[in-house]
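In: how would this look folded up:
(chains A and B)
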Amino acid sequence: MPSALKHTLFILAPLVIVLAVLPGVYQNHLLLFNFVIFLVLAQGVNIIYGFTGYLPFGYVGFFGAGAYGFAIMVMHLQAPALLAVLAAGVVGILLGLLLTPLLRLSGAYFAIANLAASLAVLHLVANPALESITKGPYGVSLTGTFNPNSAYMAAVVVLALTVAAVVYLKNSSFGLALQAVREDSVSAAMAGVNVVKMRVLAWLASALVAGLAGGIYAWYVSVFYPDNVFSGEFSIFAIVFALFGGVATITGPIVGVIILYGIYNLIGFTTPQYFQLIYGLLIMGLVLFLPAGLVSLATRRGWHVP
Amino acid sequence: MSPKARPILNVAKLVKRFGGFHALDGLSFHVVPGEILGLVGPNGSGKTTAINVISGLYAPDGGEVTLDGQPIGGIASHRLVHRGINRTFQVPKPFMSLTVRENVQVALSHGRPAVAPPSVADLLDEYRLTELADRPASELNSAQQKMLDLTRALATRPRLLLLDELAAGLNPAELDWIAGRIKALAASGMAIIVVEHLMGFIEHITDRVIVLNAGKEIFEGKLAAAVQEPQVIEVFLGGEHAA
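Out: Now for the predicted structure:
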């Protein structure tokens, strides 16, 4: 069996099916929704960081822009929710295009510039002078499209598409070329790979993913402020979850979200007073002992992790 | 090699500056299909800079580089690869976390489109990498990484191959073997430029050498004749040994 089919049948399909039926048996719908959103965002980070090496500290910029793209479509054009979600994806891509010059930077410089860019978008959206378009800092209320069940299913569909994209990257010459670019861009060019084009495509794909997730998030919560959807926590969580599991794999970010976001909620419910302490220690342990993520426990033993 | 063959590569009055330093200062030479040309000279004479400009890593500051008569100065490396230029690096630069097979596979799928790619198994076999095929490149020793660098370059089906100190660090048996491989590639019509410090190796494989000093050509011809040339002796050994 080709490995792309194996990955689809044994990773993508079970994940999507379980998440699609879970709301029927588990009551905390918001928690499930947040899981799905973080699975999408962690895979989005995986696409850009795992396959090209760019660490997107301002990843939330695409998410927030997507949320506001959705809101503007609904508020001003009375668009149906699904169309507004697609528009949110387009907004993510447009912002990605605008920020392509950042790809000239590398390492920490890229991460910082990306963070600054996301703050710039936040302050643009939250500008009181733009109140007639974005409602500025006063937040938006989209009661007309409020439908958590549909929004949840849309999130699961976007997750399926995102994981399918990562399965493609893991099994295609395109994905292999991206990894070559990540390893050494000069050598990749000498292997005939168009380095700039590859980076831009991966960047736009991860921007699209976050834009769609932001649009669906806006649809789900329906009332939000700029600070909510541009919260740096989205970037940090998505990055930490992806790194914790292990990037450049299909399963790493999934495992990372399930374990870390699971623990996050568990200690949040049970011992909130130790929450920051436990979480901080966990992340420090990860960085110190498993810099390549949980999957490296297996790869170090020579096992192949999809 | 026919002396009348049309050059595949022509370099004319090439200039490359780094700040005030002229790494290449009006360098001119050509190479024809099937020829093995040696570039020799002391450290800092501009050999690697010449290779970097020809392979698109640096844009020239003056002069002209043409491939089949078409100017190529300043064209992006991957486009030059598609047109049939490739190179190895003095310090090999494999994709460390990818396997040996994947390293070659990337180049096979993105190489010169005009020529059908050979099979990855044949290439690995030809360059003694079959046993290492599924190991990450980071686990290879430096001689093996050099072979991988060469194999990756060949996987793109080049017509002009630039070898930057490929022989350094190889043992005598490996040197003999790689000399045979390079001659076979040239016999198949590939033009090859070899930058090397090992004079025995250069003498054994090249048809002609260009001696560089301070970014300029100071001699062109057979290596055996070059070592008789006072100016060449002077730049290699210092003034008191000349004449």
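
In: around chain A, pick out the residues from chain B.
Out: Contacts of chain B with chain A, taken as Cβ under 8 Å from any Cβ of the partner chain, map to B:55-57, B:76-78, B:81-82, B:86-87, B:89, B:93-98, B:102-103, B:105-107, B:109-112, B:152-153, B:155-156. In short, each C-beta sits where N, CA and C put it, glycine included.

In: one more pass at 7 Å, please.
Out: Of all the residues in chain B, those in contact range of chain A (Cβ under 7 Å from any Cβ of the partner chain) are B:55, B:57, B:77-78, B:81-82, B:86-87, B:93-98, B:102, B:105-107, B:109-111, B:152-153, B:156.

In: buried subset of the residues you listed?
Out: With neighbours counted by 16 or more other Cβ atoms under 10 Å in any protein chain shown, the residues of chain B next to chain A contain buried members at B:55, B:57, B:77-78, B:81-82, B:86-87, B:93-95, B:98, B:102, B:105-107, B:109-111, B:152-153, B:156.

In: for the closest residue to chain A within chain B, what are its contacts?
Out: Each residue of chain B has a distance to chain A, by Cβ to the nearest Cβ, and the smallest belongs to B:H110, at 3.4 Å. For B:H110, the residues meeting the contact criterion (Cβ atoms under 7 Å, 6 or more residues apart in numbering or on different chains) are A:A177, A:A191, A:G192, A:V193.

In: switch the cut-off to 10 Å
Out: When contacts are counted by Cβ atoms under 10 Å, 6 or more residues apart in numbering or on different chains, B:H110 touches A:173, A:176-177, A:180, A:188-194, A:198, B:78, B:81-82, B:117, B:155-156.

In: kindly write the PyMOL command that selects the buried subset of those.
Out: Applying 16+ other Cβ under 10 Å to the contacts of B:H110 leaves a buried subset, and the PyMOL line that selects it is:
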select buried, (chain A and resi 176+177+180+188+189+190+191+192+193+194+198) or (chain B and resi 78+81+82+117+155+156)
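
In: out of the contacts of B:H110, list just those in helices.
Out: A:S173, A:L176, A:A177, A:A180, A:A188, A:A189, A:M190, A:M198, B:H78, B:V81, B:H82, B:A155 (DSSP state H).

In: let's have those in TSV, adding pLDDT and distance to A:F275.
Out: As requested, the ones in helices among the contacts of B:H110 are exported to TSV (pLDDT from 0 to 100; distance: Cβ to Cβ, whole Å):
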residue	pLDDT	distance to A:F275
A:S173	94	45
A:L176	96	41
A:A177	97	42
A:A180	97	41
A:A188	97	43
A:A189	97	47
A:M190	97	49
A:M198	96	40
B:H78	97	49
B:V81	98	53
B:H82	97	55
B:A155	97	52
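
In: tell me the one of those nearest A:Y138?
Out: For A:Y138, the nearest member of the ones in helices among the contacts of B:H110 is A:M198. The distance, counting by Cβ to Cβ, is 41.5 Å.

In: now do the contacts for that closest one.
Out: A:M198 sits next to A:51-52, A:174-175, A:177-182, A:185, A:188, B:78, B:110 when contact means Cβ under 10 Å, 6+ apart.

In: got the phi/psi numbers for B:S28?
Out: The phi and psi values for B:S28, taken as degrees, to the nearest 10, are phi -130, psi 130.

In: wait, I meant B:P113
Out: For B:P113, the backbone dihedrals (degrees, to the nearest 10) come out as phi -70, psi -20.

In: quick one, what contacts it?
Out: Applying Cβ under 10 Å, 6+ apart, we find B:P113 in contact with A:G192, B:H82, B:R83, B:R157.

In: still on that earlier bit, could you find the closest non-adjacent residue to the residue of chain B closest to chain A?
Out: Spatially, and ignoring its direct neighbours in sequence, B:H110 is nearest to A:G192 (3.4 Å; Cβ to Cβ, 6 or more residues apart in numbering or on different chains).

In: got the phi and psi for the one you found?
Out: Comment: the main-chain dihedrals of A:G192 come out as phi 90, psi 10, following degrees, to the nearest 10.

In: hmm, it is touching B:Q105, no?
Out: No. Using Cβ atoms under 10 Å, A:G192 makes no contact with B:Q105, being 11.8 Å away.

In: who touches both of these two?
Out: Taking Cβ under 10 Å, 6+ apart as the criterion, A:G192 and B:Q105 both touch A:A177, B:R152, B:A155.

In: list the contacts for the second one?
Out: When you say that, I think you mean B:R152. Under the criterion of Cβ under 10 Å, 6+ apart, the contact partners of B:R152 comprise A:180, A:187, A:190-192, B:86, B:88, B:92-95, B:100, B:103-108, B:111, B:123, B:127, B:137.

In: what helix or strand is it on?
Out: In this assignment (DSSP states H and E), B:R152 forms part of helix B:142-155.

In: gap between that helix and the chain center?
Out: On the basis of Cα atoms, centre = their mean, to the nearest Å, the separation between the geometric centre of helix B:142-155 and that of its chain is 13 Å.

In: helix or strand next in line after that helix, which one?
Out: With secondary structure assigned by DSSP H and E, helix B:142-155 is succeeded by strand B:160-164.

In: could you tell me the angle between that following strand and helix B:142-155?
Out: Calculated by axes from the mean of the first three to the mean of the last three Cα atoms, to 10 degrees, strand B:160-164 forms an angle of 160 degrees with helix B:142-155.

In: so which elements touch the next helix or strand after strand B:160-164?
Out: Taking DSSP H and E as the definition, the helix or strand that follows strand B:160-164 towards the C-terminus is helix B:172-187. Using 3 or more Cβ pairs under 10 Å, 6 or more residues apart in numbering or on different chains; DSSP states H and E as the contact test, the elements touching helix B:172-187 are strand B:36-40, helix B:142-155, strand B:160-164, strand B:191-195, helix B:199-205.

In: list phi and psi for B:R17.
Out: In terms of degrees, to the nearest 10, the main-chain angles of B:R17 are phi -110, psi 140.

In: ok, now A:Y54?
Out: With angles defined as degrees, to the nearest 10, A:Y54 shows backbone torsions of phi -90, psi 120.

In: can you report how many residues lie near it?
Out: Applying other Cβ atoms under 10 Å in any protein chain shown, we find 22 other residues in the vicinity of A:Y54.

In: same deal with A:L77?
Out: One way to gauge burial is a neighbour count; for A:L77, by other Cβ under 10 Å, it gives 11.

In: my read: it touches A:G69, true?
Out: No. Applying Cβ under 10 Å as the test, A:L77 and A:G69 come out as separate, 11.0 Å apart.

In: output the helix or strand containing A:L97 in CSV with nothing but the alpha carbons.
Out: Here A:L97 sits within helix A:81-98, counting by DSSP H and E. Taking C-alpha atoms only, helix A:81-98 is exported to CSV below (Å, rounded to 0.1, in the frame of the first residue of the first chain):
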residue,chain,number,x,y,z
ALA,A,81,-21.2,31.8,7.0
LEU,A,82,-19.5,29.3,4.7
LEU,A,83,-18.8,31.9,2.1
ALA,A,84,-17.4,34.2,4.8
VAL,A,85,-15.1,31.3,6.0
LEU,A,86,-13.7,31.0,2.5
ALA,A,87,-13.2,34.8,2.4
ALA,A,88,-11.3,34.4,5.7
GLY,A,89,-9.0,32.0,4.0
VAL,A,90,-8.5,34.4,1.2
VAL,A,91,-7.7,37.2,3.7
GLY,A,92,-5.1,34.9,5.2
ILE,A,93,-3.5,34.4,1.8
LEU,A,94,-3.6,38.1,1.0
LEU,A,95,-1.9,38.9,4.3
GLY,A,96,0.6,36.1,3.6
LEU,A,97,1.4,37.7,0.2
LEU,A,98,1.8,41.1,1.8
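
In: for it, buried residues please.
Out: Within helix A:81-98, the residues that qualify as buried are A:81, A:84-96, counting by 16+ other Cβ under 10 Å.

In: what sits against the one residue sitting closest to the centre of chain B?
Out: For chain B, B:L162 is the residue whose C-alpha lies nearest the centre (Cα atoms, centre = their mean; 1.9 Å). With contacts defined as Cβ under 10 Å, 6+ apart, the neighbours of B:L162 are B:9, B:31, B:37, B:39, B:48, B:50-52, B:54-55, B:85-89, B:153, B:191-195.
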